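> show me the folded form of this:
(one chain, ligands or ions: 1)
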Amino acid sequence: MKTEPSSALRQEYAKYLSQKQEPLKAQTINSYLRSIKSFPNSLDVADSLRQSAFNKLSSYGFKETRQVLESADNYLMLNKKTHGAFPAAANYYLQFLTERESRGYIALKNESESERRFRDWLGKQVYGLSQSTIKNYTKALDELPSSLTTDKPIPRSMYCVDKYQDFKDVEKTIRNAANFEEINKASKGFLQGTLSASLRQYGEFLQYWHDFEILQSDSGDSKDTYEQINNTEVKRNVIARSGQSSFRRRLLKKNSSCELCGLHYSQLLIASHIKPWRNSSDFERLDISNGLVLCVNHDSLFDKGLVSFSYDSGGLIAISKEIARDDYQKLNLNSNMYIQLMGRRASYMEYHFTTYLHIHNLWSEQTI
Ligand SMILES: [Zn+2]
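Numbers count the residues shown, from 1 in each chain. So this is what the prediction gives:
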């Protein structure tokens, strides 16, 4: 039978408590174990935070969670009722996790979930990575060289780091390791090459995941109070912007010039959504297959639906009949232009094309 990570961690924590220098009474240990496991269940917080703290495998992750738990409206009331068992238990738990990390603990495989998500993200959201590169990237993060001499403890596997800010700290610690250069040399540039690239991607992934989770957590707010709706709106706008900027960054990395005319001044380039943001699901909003890099001129034509691309004639441009042929040159348009359409991108374009086909009377060279 498979042992759940959370129960393994629970046993390890119990052992830690019983072996402390001033040993705790069995009764106290039991109340701490119970508290860590069930106290969060009664708090007014999101369901995802109510899971047992024993699912939090890193001190970084646990610290974040504890902060949110403490901000729950009924925290003080419940804390009083349970005679402060939770903060005491949580302090020991944090010490326990930190000590464990400083020993370079063997990662428990609940992190395989982060690894799976990361691998999935590399395949779907990063353009043009081969399966073998993805495998090397995921492996590099899992097997962070334990031989690095760092001034602060680092987790044995990066997959226990699930917040971008924590990630930046860990990344800095790794890059500043006293023997970084030496090991990099011995491994024929592995640290500078594969590991660095993989760390960069993991940072992007955490930002993506952050945006994605917030977008999702705001869905379905029909019974919120007026005030909550306002807060949600503010939060949504912030995320919309940060989501779009991580979207833009990832998209421009893939393609740094206008896909129609090749203009490459980044200030004049727009990372457009093919299927508009307002009609897209959270996944579609952050999916770079739903992105198109265009210069301001071509973007405004596309955004208004005055041009689109025919998904069943290989991405050939379709231009509105409202635009006179005499004006093509001024708008830097010609009827032989096309863009690459593959996979999900083709279905996003189908959405755009069919939306504007009749509104603006689109036609393409092949349809006459
Ligand atoms: Zn252009």
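> centre of the chain versus the helix or strand where Ser300 lies, how much separation?
When elements are defined using DSSP states H and E, Ser300 is found to belong to helix 296-303. Using CA atoms, centre = their mean, to the nearest Å, the mean C-alpha position of helix 296-303 is found 29 Å from that of the whole chain.
> got the CA positions of it in PDB?
The C-alpha coordinates for helix 296-303 follow below in PDB (Å, rounded to 0.1, in the frame of the first residue of the first chain):
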ATOM      1  CA  VAL A 296       0.900  48.800 -33.900                       C
ATOM      2  CA  ASN A 297      -0.400  49.300 -37.400                       C
ATOM      3  CA  HIS A 298      -1.100  45.600 -38.100                       C
ATOM      4  CA  ASP A 299      -2.400  45.000 -34.600                       C
ATOM      5  CA  SER A 300      -5.100  47.700 -34.900                       C
ATOM      6  CA  LEU A 301      -6.200  46.200 -38.200                       C
ATOM      7  CA  PHE A 302      -6.400  42.700 -36.600                       C
ATOM      8  CA  ASP A 303      -7.900  43.900 -33.300                       C
END
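> ok, and what's touching that helix?
When contacts are defined by CB atoms under 8 Å, 6 or more residues apart in numbering, helix 296-303 is touched by residues 258, 260-261, 268-270, 272, 292, 294, 307-308, 331-333, 352. No exception for glycine: its C-beta is placed from N, CA and C like everyone else's.
> what's the closest of those residues to Arg175?
Each of the contacts of helix 296-303 was scored against Arg175 by CB to CB, and Leu269 proved nearest at 30.5 Å.
> my guess is the closest one contacts Asn255. True?
No. Using CB atoms under 8 Å as the test, Leu269 is too far from Asn255 to be in contact (9.1 Å).
> comparing the two, which residue is more hemmed in?
It is Leu269, of Leu269 and Asn255, that has more neighbours when counted by other CB atoms under 10 Å, with 23 against 17.
> tell me which residues form a beta bridge with the more buried one?
Per DSSP bridges, the residues bridged to Leu269 are Cys295.
> near the nearest residue to Tyr16 once chain neighbours are set aside, how many other residues are there?
What sits nearest to Tyr16 in space, not counting adjacent residues and going by CB to CB, 6 or more residues apart in numbering, is Phe96, at 4.7 Å. Phe96 is flanked by 20 other residues according to other CB under 10 Å.
> was I right to think Phe96 contacts Tyr13?
Yes. Distance between Phe96 and Tyr13: 5.5 Å, which falls inside the contact criterion (CB under 8 Å).
> returning to what we had before: mind listing what's buried in the helix or strand harbouring the residue nearest to Tyr16?
Here Phe96 is covered by helix 85-102, with elements defined by DSSP H and E. Taking 16 or more other CB atoms under 10 Å as the basis for neighbour counts, the residues of helix 85-102 that come out buried are Ala85, Phe86, Ala89, Ala90, Tyr92, Tyr93, Leu94, Phe96, Leu97, Thr98, Arg100, Glu101.
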